[in-house]
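# what's the 3D shape of this:
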Amino acid sequence: MHLENVKFCAVDIETTGLNPKKDEIIAFARIPIINLKILVHDSFYTLIRPRKYKIHAMKYHGISKDDLETAPAFEQVAERILWALDGILVGYSVAFDYNFLRRHFQSWGANLKRDLLDIAMIEKWLGERQGAEDLDLSFEAMMKGYGLKQYYRHNASADAFFAAQIFQMQVRKLLALGVDCAEKVIELAASCKDAHGSLAF
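The predicted structure is shown next:
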């Protein structure tokens, strides 16, 4: 299907740690991308109250235990999040977010299955076409490369928006190279899985 006719949604989460089997989601954000336009007005963000808060993670996301005191539990917003995950999921190291979401939905009794597009993998593929070597695929380096100002990093809404903007600019490059269907983009991104080896949150 042509990229202009595909629904994408940029996603990002914040968690109590890095282990999807034990840690929990404490913030979720999604921004839809339809007709290759970022629909900020249709974005969705929520804090999520975990069963167990881990204070050491606060240094990354800045979300305190007090911030989460009145937040809904995952079960209370699961249906809304599932509805929001409409289309191909786009993000930075998006498999990390997807693994957490899948595990949470399994606990809720639902099977989440979506296609993924990692903007770092796409960037690696584009870089290889240009003969670039030893690309810095950190989120910060990619933001700088695309002229985005770094503010509110490790905020789910901000990071989802940054990812959406980078993806939008990447799509322009892909179209210029004749890559115009979603299946092809998924395929080329999958061919660069080794990009994960150099990803940094």
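
# residue 171 and residue 36 touch, don't they?
Yes: the pair residue 171 and residue 36 passes the contact test of C-beta atoms under 8 Å, sitting 5.9 Å apart. C-beta: built from backbone N, CA, C; applies to glycine.

# what about the longest helix in the protein?
Using DSSP state H, we find that the single longest helix of the chain is helix 156-176.

# about what we covered before: which one's more surrounded, residue 171 and residue 36?
Neighbour comparison, residue 171 and residue 36: the larger count goes to residue 171, with 21 against 15 (by other C-beta atoms under 10 Å).

# from residue 55, how far off is the more buried one?
Residue 171 is 40 Å from residue 55, where distance means C-beta to C-beta, to the nearest Å.

# about what we covered before: who touches both of residue 171 and residue 36?
residue 3 (C-beta atoms under 8 Å, 6 or more residues apart in numbering).

# partners of the helix or strand that contains residue 12, with directions?
Counting by DSSP states H and E, the element that carries residue 12 is strand 8-15. Strand 8-15 pairs in its sheet with strand 25-34 (antiparallel), strand 88-91 (parallel), by DSSP bridges.

# determine which of the ones you listed approaches residue 80 most closely.
For the strands paired with strand 8-15, the distance to residue 80 is smallest for strand 25-34, at 9.4 Å, taking C-beta to C-beta.
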